[in-house]
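>>> Here you go, sequence then predicted model.
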Amino acid sequence: MTAVIVFHPPRAWFALIALIALIGVFAPARADTDMDALLRPIQTDWATIKYRTPEKQRAERYQALAGRARQLAEAHPGRAEPLIWEAIVLSSEAGARGGLSALSLAKAARQRLEEALGLDERALDGSAYTSLGTLYYKVPGWPLGFGDRARAEAMLKKALALNPDGIDPNFFMAEYLHERDRDEEALRHLEIALKAPPRPGRELADSGRRQEIRDLLAAVRKALAN
């Protein structure tokens, strides 16, 4: 008869196992909290540049901010959030500069967003889809650029599927639809955007975006009245 050895682990082991279980439960939330804290200065500075900085000074300030975002992305490989924000800053710099240099910046932004989608399409409530869709309808099409209105709409729809009540996906979808003379659809998205819940720590960005929504809403209502 073979003896059966029964091992009774000490109580300390049970405590260690319980601790490991708790780490498994809470580590993702802590990691997200830490990433939010790391992203916050970039988000705040981006909003300050976009909404409070004279137009002629924006390009250089965006360029410096893009460098900081790149450092954050390199320090956290495998995380989609810094890549998304690097792309947002690069896209904003492209808009501030214009010309041929804008196209190279837009291409770099597209690359970062595609990398982010490969890592986590749900990161930042699908913001990679919002930004990529916006690029596709703002960048000129072939042969000058990679703009593609069909892709733009598809990306923006994916963003809305992930964040149907978000201020940004609804605003940019409305902007796209207005440019396509689909103002009744645009109006619905603008109404949703105005009701979007505030984002803690993003007060300046929310305030600036809401003004953009009101401006676009006036243009849409004017178009519908004619």
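In hand now; what should we look at? From a predicted model like this one, the values you see are computed outputs, not experimental measurements.
>>> going forward, measure contacts and count neighbours with C-alpha atoms only.
Noted.
>>> tell me which element T48 is part of?
In this structure, T48 sits in helix 11-52 according to DSSP states H and E.
>>> For A154, see how far away the spatially most central residue of the chain is.
By CA atoms, centre = their mean, the chain has its centre lying nearest to S127, at 3.1 Å. Separation of S127 from A154 (CA to CA, to the nearest Å) stands at 14 Å.
>>> Centre of the chain to stretch 176-193, how far?
20 Å (CA atoms, centre = their mean, to the nearest Å).
>>> again but with stretch 115-123, I slipped
11 Å.
>>> go on, stretch 85-100?
14 Å.
>>> ok, now stretch 116-129?
8 Å.
>>> surely L162 meets G126?
Yes - using CA atoms under 8 Å, L162 is in contact with G126, at 5.8 Å.
>>> Compare these two (neighbour count), which wins?
Neighbours were counted for L162 and for G126 using other CA atoms under 10 Å; G126 has more, 23 against 19.
>>> Could you find the closest non-adjacent residue to the more buried one?
With sequence-adjacent residues excluded and distances taken as CA to CA, 6 or more residues apart in numbering, G126 is closest to A159, at 5.2 Å.
>>> How is this structure partitioned into domains?
56-152, 164-226 (automatic domain parsing).
>>> Quick one: end-to-end length of the last one, please.
From its first residue to its last, domain 164-226 covers 29 Å (CA to CA).
>>> any idea how far that domain is from the chain center?
Distance, stretch centre to chain centre, for domain 164-226: 16 Å (CA atoms, centre = their mean).
>>> following the least confident helix or strand in the chain by mean pLDDT, which helix or strand comes up?
Across the helices and strands of the chain, the lowest-confidence element by mean pLDDT, DSSP states H and E is helix 11-52, at a mean of 65. Beyond helix 11-52 on the C-terminal side, the first helix or strand identified by DSSP H and E is helix 55-75.
>>> what's that next one packed up against?
helix 11-52, helix 80-97 (3 or more CA pairs under 8 Å, 6 or more residues apart in numbering; DSSP states H and E).
>>> angle of that helix against helix 80-97?
Angle of helix 55-75 versus helix 80-97, following axes from the mean of the first three to the mean of the last three CA atoms, to 10 degrees, is 160 degrees.
>>> Please list the outside residues in contact with helix 55-75.
Here helix 55-75 makes contact (CA atoms under 8 Å, 6 or more residues apart in numbering) with 38, 42, 45-46, 49-50, 79, 82-83, 85-86, 89-90, 92-94, 96-97.
>>> mind running it again at 10 Å?
By CA atoms under 10 Å, 6 or more residues apart in numbering, the list of residues contacting helix 55-75 from outside reads 35, 38-39, 41-43, 45-46, 48-53, 76, 79-98, 112.
>>> If anything else comes up later, I'll come back, but that's it for now.
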